[in-house]
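J.: Return atomic coordinates for the entry below.
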Amino acid sequence: MGWRPRQHGTDLYHHIYAWGNDRHPVFKRPMHYQKYLLLLGKYSRAFAIDIVAYALMEWHVHLFIYDKVDTLSEFIMKLHGDYAQYFNKTANRVGHVFGERFNNKIINANVYGLWLSRYIHRQAVHAGLVQNPLDYPWTSYRSYMGLEKRKFLKPDIILSQFGEPNVRRDNYKEFVLSDNDGPVDWGKRTFKLRVGEDLIEFIGRELGIDRSILLSPHGAHERTMRREAIKTLATEYGYQGAQIARALKLSRMAITKILGSIPAS
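T.: All right, here's what the predicted structure looks like:
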């Protein structure tokens, strides 16, 4: 089976995640994590990539990035290629380090992005390694809290959405430490919004569209707004036509017609 075409383009936010080859570790010693971060800074500058958040775990990597000029594939190729050479040399091994084509998902930086940053920063908590994400050194959370400085990191993309500068870190800390996992289903590798009534409310907030427009638009302008919402659900969140049709109370044929107008990437 051939690879599914990768979503890409200019001025896009991505969630990237990559696992070790055959689920083997990608980091074994502190110097491996440190080297990856050095390369992350080097190549994010070289390829005009903004790093919004990251988590380096023993078995896998999560990156939340902003791709300005459509250099995502080249960026990851150099980053993981150089790191693999270093890891193999220092770990006295040969072969692939990352065992599959990296996964990427185009996302919005506002609501979905907020919850993605929280998910990334809680990786060590979810893994049972720490109780407080501040105690794990290999995510960007400590930089968000002002305890570390990473020149390549762009935390304000997220922090600016948490109020005035003097309260942003406290508000974000409360957000990350809360028990609310939010509207995203992190239990599946597709990381979709949960299906149900919240779907309409979520996409309404995400795009600033009133619920009544999503369910019963009047006039050409409102119908256009709903079409864009439908395309967003399919292309940025990975929903199937049947799911969208059910949430918006439309026929599957109507959804298929709208999605058929999306240009191929």
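
J.: Distance of Lys28 relative to Lys35?
T.: For Lys28, the distance to Lys35 equals 11 Å [Cβ to Cβ, to the nearest Å]. Glycine gets a C-beta too; all of them are placed from N, C-alpha and C.

J.: try Met145
T.: The gap separating Met145 from Lys35 is 24 Å, by Cβ to Cβ.

J.: ok, back up a step: between Lys28 and Lys35, which is the more surrounded one?
T.: More neighbours surround Lys35 than the other of Lys28 and Lys35, with 17 against 14 (other Cβ atoms under 10 Å).

J.: Wait, a helix at the more buried one?
T.: Yes: assessed by DSSP: H, G, I helix; E, B strand; the rest coil, Lys35 belongs to a helix.

J.: quick one: it and Gln85 touch, right?
T.: No: counting by Cβ atoms under 8 Å, Lys35 sits too far from Gln85 to count as a contact (10.4 Å).

J.: what do the two both touch?
T.: Residues touching both Lys35 and Gln85 (Cβ atoms under 8 Å, 6 or more residues apart in numbering): there are none.

J.: What are the boundaries of the strands in the stretch 151-265 of the chain?
T.: Secondary structure of the stretch 151-265 of the chain by DSSP state E, counting those that start in this stretch: the strands cover 184-185, 192-193.

J.: what's the least confident stretch among those?
T.: Here the lowest mean pLDDT among the strands of the stretch 151-265 of the chain goes to strand 192-193, at a mean of 55.

J.: coming back round to it: need the residues touching each of Lys28 and Lys35.
T.: Counting by Cβ under 8 Å, 6+ apart, the contacts common to Lys28 and Lys35 are Phe87.

J.: which sections of the stretch 1-150 of the chain are below the confidence cut-off?
T.: 1-8, 22-23, 100-102 (pLDDT under 70).

J.: ok, which stretches of it are strands?
T.: Going by DSSP E, counting those that start in this stretch, the stretch 1-150 of the chain shows strands at 10-19, 49-56, 60-69, 103-107.

J.: which residues does Tyr54 bridge with?
T.: Note on Tyr54: beta-bridge partners by DSSP bridges are Leu63.

J.: list the contacts for it?
T.: The contact partners of Tyr54, by Cβ under 8 Å, 6+ apart, come to 40, 61-64, 120, 139-140, 153.

J.: so which two of those are the farthest from each other?
T.: Among these, the pair separated by the greatest distance (Cβ to Cβ) is Val61 and Leu153, at 15.1 Å.

J.: which one of those two has more residues nearby?
T.: Per other Cβ under 10 Å, whichever of Val61 and Leu153 has more neighbours is Val61, with 25 against 21.

J.: The more buried one contacts Ala55, doesn't it?
T.: Yes: counting by Cβ under 8 Å, Ala55 is a contact partner of Val61 at 7.3 Å.

J.: Quick check: which ranges of the stretch 151-265 of the chain have low pLDDT?
T.: Applying pLDDT under 70 to the stretch 151-265 of the chain flags the ranges 181-199, 202, 205-207, 236-238, 261-265.

J.: Can you identify each of the helices in it by residue range?
T.: Along the stretch 151-265 of the chain, counting by DSSP state H, counting those that start in this stretch, helices occupy 156-159, 168-177, 197-207, 211-215, 219-235, 241-248, 252-259.

J.: looking at the ones you listed, which is closest to Phe75?
T.: With Cβ to Cβ as the measure, helix 156-159 is the member of these nearest Phe75 (17.3 Å).

J.: Name the residues of that closest one that are buried.
T.: 157-159 (16 or more other Cβ atoms under 10 Å).

J.: cool, and stretch 60-71?
T.: Residues of stretch 60-71 classed as buried by neighbour count (16+ other Cβ under 10 Å): 60-67, 71.

J.: Quick check: closest non-adjacent residue to Arg150.
T.: Nearest non-adjacent residue to Arg150, counting by Cβ to Cβ, 6 or more residues apart in numbering: Ser143, 5.1 Å away.
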